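Q: How does the following fold in three dimensions:
(chains A, B, C and D)
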There are 2 protein chains.
Amino acid sequence: MLGTVMDDGVEPAVQDIALPRVLAALADPHRLAAVRFVARRGESWCAQVIEEAGLPMTKPTFSHHLRILREAGIVTKRIQGARGYMSLRKDDLDQRFPGLIDSILAADAEPVS
Amino acid sequence: MLGTVMDDGVEPAVQDIALPRVLAALADPHRLAAVRFVARRGESWCAQVIEEAGLPMTKPTFSHHLRILREAGIVTKRIQGARGYMSLRKDDLDQRFPGLIDSILAADAEPVS
DNA sequence: ATCGAAGTTCGATGACCATCGAACAGTACA
DNA sequence: TGTACTGTTCGATGGTCATCGAACTTCGAT
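A: Sure thing, here's the model as predicted:
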């Protein structure tokens, strides 16, 4: 059925992923760097992304960005123990917007300020 | 040479087109609708885009959006007579980010509010 | 139970942005 | 030479966003 929401109402279903929201989410260099990181390294937890991707921000700020990426339908979150693991929804994005994520990830990564 | 600016210093050279700026420019539904219009109809002047694309905004606001699209390297402007004609920089965008524009334009267009 | 670690939520703040009306600068035409 | 049209520039305004510190919750380990 259309319009179905996920468990906690944050992550949209595949058919509800909206292009402007995806583009807005990826337009932020820090969020783009985070997405690049999980695309290359696979499922990662928050502190790992912040540190190893070199994101110049605190945990509250990253939590804010994570929410935007989830609400856009770009990443999904899985909780295990005390950690929250995030991963790229590649199949869903490919189904909704074929070629979009690949062309974005193929672009040269700019250094995060 | 790298870093070269265009005639009026607004439109970037091909190698200076930056991905976050392109994504931010296309993240606005009104700008995306304008880009879709010129991609489908070819070179068009401002009043034509506003009216025929059904953009709910005044001329000053469209001029603002046009500037952002030009600064992002998405469209170019040509002045003839009293009119300013805008067109999509498809070849430059394809060279810089292969497949990006095609995947965006291939997505279903959402009605402009 | 206690302590530390992982993330989230909650204001608050400063910056940026979309929007408009008014005024302006060109161009075309009568 | 006016007159009408095209589009830009200039404040001003209301809204959204990225950022942080502080406080909180949950989990794991001691």
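Q: ok, the nearest residue to A:Ile74 once chain neighbours are set aside - contacts?
A: Closest residue to A:Ile74 in three dimensions, ignoring its sequence neighbours and counting by Cβ to Cβ, 6 or more residues apart in numbering or on different chains: A:Ala25, at 5.7 Å. For the C-beta atoms, the positions are set from N, CA and C on the backbone; glycine is no exception. A:Ala25 sits next to A:Arg31, A:Ile68, A:Leu69, A:Glu71, A:Ala72, A:Ile74 when contact means Cβ atoms under 8 Å, 6 or more residues apart in numbering or on different chains.
Q: The residues you listed, buried ones only, as a ChimeraX selection?
A: Written as a ChimeraX command, the selection of buried residues from the contacts of A:Ala25, which uses 16 or more other Cβ atoms under 10 Å in any protein chain shown, is:
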select /A:31,69,71,72,74
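Q: In TSV: the contacts of A:Ala25, plus secondary structure and pLDDT.
A: Shown next, in TSV, are the contacts of A:Ala25 (DSSP: H, G, I helix; E, B strand; the rest coil; pLDDT from 0 to 100):
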residue	secondary structure	pLDDT
A:Arg31	helix	98
A:Ile68	helix	98
A:Leu69	helix	98
A:Glu71	helix	98
A:Ala72	helix	98
A:Ile74	coil	98
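Q: biggest separation within the contacts of A:Ala25, which pair?
A: A:Arg31 and A:Glu71 (11.7 Å; Cβ to Cβ).
Q: list the contacts for the spatially most central residue of chain A?
A: Among the residues of chain A, A:Val75 comes closest to the average C-alpha position under Cα atoms, centre = their mean, at 3.6 Å. The neighbours of A:Val75, taking Cβ under 8 Å, 6+ apart as the test, are A:Val35, A:Val38, A:Leu66, A:Leu69, A:Met86, A:Ser87, A:Leu88, A:Arg89.
Q: Please report how far it lies from B:Gly99.
A: 21 Å (Cβ to Cβ, to the nearest Å).
Q: Check A:Gly81 too.
A: 39 Å.
Q: Quick check: closest non-adjacent residue to A:Arg83.
A: In space, and not counting its chain neighbours, A:Arg83 is closest to A:Trp45: 4.2 Å by Cβ to Cβ, 6+ apart.
Q: Write out the residues of chain A neighbouring DNA strand C.
A: Taking Cβ under 7 Å from any atom of the strand as the contact definition, chain A meets DNA strand C at A:45-48, A:59-60, A:62-64, A:66-67, A:77, A:82-84.
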